[in-house]
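Visitor: using only what follows, build the 3D model:
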Amino acid sequence: MALPIILVVALGLIFGVILTIASIVMYVPVDEVVAQVREELPGANCGACGYSGCDGYAAAFGEDRNTPVNKCPVGGPAVAEKIAAILGVEASAAAAPVAVVMCQGDKSVAQDFMKFGSKMTCKGALQLYGGNKSCAYGCLGMGDCVRACDFNAIHIVNGVAVVDRDVCVGCGVCANTCPKSVIQILTKDDRVAVRCKSTDKGAAVMKNCKNGCIGCKKCENTCKFDAIHVENNLASIDYDKCKNCGLCAKECPTGAIVVIPKEKKVVVQQPAEEQAEA
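Guide: Residues are numbered from 1 along each chain as shown. Take a look at the predicted model:
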């Protein structure tokens, strides 16, 4: 009886020593900074920070303490300040990101050539029929972006997506979801936008949407800061140069260029015909 007991005890001691050595050799030190940063992040895991998610963003501080503290659009300035406090640095005052729909082709100005049921998606309509509007570049208005948004910040109003800037965190999920790529992530300081994606020539643009850019270059000739240029029949803004003066918007003959108010509440109300379809 004594021998088996001795063997069991000996084996236990041997395995214990092996496990102790393994734990020392394979020990991975915990970076307290990474743990503290991760604790402050909201856990949305949207990827808008440019990393794989909140864990990836937190881990970046373990590799480089100079990683920007304001990369989380969901947490915003509050989270940036908390991370800065953990690192002992100052939080930079970067402008908050926000989604902007580069299309104004609602039912009052854009031509529809096909009508779908309420269950059709933008992606499905594009793949099956090429969309539902004569303009090949505009918002399809079937709500893929709405369903993708976790913050209730984007809605379909009269056939086109509209962003509530007061709610939007600029995570970019809607932009990545849109099959027509008409949603762009700007900052709340960027208040002038060319809300059109069409590269057709003037007559074709006006035939399909009354608010489209016709490439007339009046905006380019008006701008005093060399901040807007027309290429391939479409105006585009250089936000490093733009001063938000709004002269280009005033000069635009079709209203394709708009000055976005600093604060704009979106009233979400479906037209009567859309309510009937639902």
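
Visitor: and Lys133, its phi and psi?
Guide: Backbone dihedrals for Lys133, given as degrees, to the nearest 10, come out at phi -120, psi 150.

Visitor: bridged to it, which residues?
Guide: Applying DSSP bridges to Lys133 gives these bridge partners: Asp112.

Visitor: is it true that it touches Leu140?
Guide: Yes - using CB atoms under 8 Å, Lys133 is in contact with Leu140, at 6.8 Å. Every residue, glycine included, has its C-beta placed from N, CA and C.

Visitor: who has more neighbours, the two?
Guide: When neighbours are counted by other CB atoms under 10 Å, Leu140 comes out ahead of the other of Lys133 and Leu140, with 28 against 25.

Visitor: neighbours of the closest residue to that one other than its chain neighbours, how many?
Guide: In space, and not counting its chain neighbours, Leu140 is closest to Cys122: 4.2 Å by CB to CB, 6 or more residues apart in numbering. Using other CB under 10 Å, Cys122 has 25 other residues around it.

Visitor: for Cys122, what are its contacts?
Guide: Under the criterion of CB atoms under 8 Å, 6 or more residues apart in numbering, the contact partners of Cys122 comprise Leu140, Gly141, Met142, Gly143, Asp144, Cys145, Cys178, Pro179, Lys180.

Visitor: roughly how far does the most centrally placed residue in the chain sit from Cys242?
Guide: Computing the C-alpha centroid of the chain and ranking residues by CA atoms, centre = their mean puts Gly172 first, at 1.5 Å. In this view, Gly172 and Cys242 are 21 Å apart by CB to CB, to the nearest Å.

Visitor: so where's the stretch 1-150 of the chain uncertain?
Guide: By pLDDT under 70, the weakly predicted segments of the stretch 1-150 of the chain are 1, 4, 7-11, 15-17, 19, 22-30, 93-94.

Visitor: all strands for it, in order.
Guide: Listed in chain order, the strands found in the stretch 1-150 of the chain under DSSP state E, counting those that start in this stretch are 97-101.

Visitor: quick one: the helices in it?
Guide: Taking DSSP state H, counting those that start in this stretch to define them, one finds helices in the stretch 1-150 of the chain at 2-25, 32-40, 54-63, 76-87, 122-129, 144-148.

Visitor: show me what contacts Ala95?
Guide: Thr187, Lys188, Asp189, Asp190.

Visitor: counting neighbours, what do you get for the first one?
Guide: By other CB under 10 Å, the residues close to Thr187 number 14.
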